[in-house]
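Peer 1: Dropping the sequence and predicted coords here.
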Amino acid sequence: VQLVESGGGLVQAGGSLRLSCAASGFTFDDYAIGWFRQAPGKEREGISWISSSDGSTDYADSVKGRFTISIDNAKNTVYLQMNSLKSEDTAVYYCAVGARLTNSWLYWGQGTQVTVSS
């Protein structure tokens, strides 16, 4: 069972990145998938979630209108399109699979660094 994030990097403020979260060893069936981030010296923050069953999505206020989460069940991959990036978006980004209602996350990826230069 593995989640692998990719797509992080260095980008200028106002730019875009697309993160991917690929699952292997299991499928997303009936799970929620979440994107989280942790900046240096700060607590981990949940920023976006998607239901694999009905595709419903939700966003933290800090990213609403700028980030878009999507899922490709055929590829067992979840994406996070990040636009209009700000320096405060700099963090390590993680994906996780579990149940948002109980905030129980069963599997986590290793994280991918996103750095936004101002």
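Peer 2: Happy to help now that I have it.
Peer 1: and the helix or strand hosting residue 34, what other elements does it pack with?
Peer 2: Using DSSP states H and E, residue 34 sits within strand 32-38. For strand 32-38, the packing partners by 3 or more Cβ pairs under 8 Å, 6 or more residues apart in numbering; DSSP states H and E come out as strand 17-24, strand 45-51, strand 67-72, strand 77-82, strand 91-99. Backbone N, C-alpha and C define where each C-beta goes, glycine included.
Peer 1: buried ones in the next helix or strand along the chain from the last one?
Peer 2: Next in sequence after strand 91-99, counting helices and strands by DSSP H and E, comes strand 104-108. Using 16 or more other Cβ atoms under 10 Å as the burial criterion, the residues of strand 104-108 that qualify are 105, 107.
Peer 1: Touching strand 104-108 from outside, list them.
Peer 2: The contact list for strand 104-108, computed with Cβ atoms under 8 Å, 6 or more residues apart in numbering, reads 1-3, 23, 26, 31, 34, 94-99.
Peer 1: who touches the spatially most central residue of the chain in this structure?
Peer 2: What sits nearest the mean C-alpha location of the chain, by Cα atoms, centre = their mean, is residue 35, with 2.7 Å. Residues near residue 35 by Cβ under 8 Å, 6+ apart: 19, 21, 46-49, 67, 69, 78, 80, 93-95.
Peer 1: quick check, nearest of these to residue 39?
Peer 2: residue 93 (10.2 Å; Cβ to Cβ).
Peer 1: Which helix or which strand is home to residue 58?
Peer 2: Assigned by DSSP H and E, residue 58 belongs to strand 57-59.
Peer 1: For that strand, buried residues please.
Peer 2: residue 59.
Peer 1: Note down every partner strand of that strand and its orientation.
Peer 2: Next to strand 57-59 in the sheet, as set by DSSP bridges, lie strand 45-51 (antiparallel).
Peer 1: Quick check: buried residues in the strand it pairs with?
Peer 2: Neighbour-count burial for strand 45-51, counted by 16+ other Cβ under 10 Å, picks out 46, 47, 48, 49, 50, 51.
Peer 1: re the thing from before, and the contacts of residue 35, which is closest to residue 117?
Peer 2: Set against residue 117, the nearest of the contacts of residue 35 by Cβ to Cβ is residue 93 (16.4 Å).
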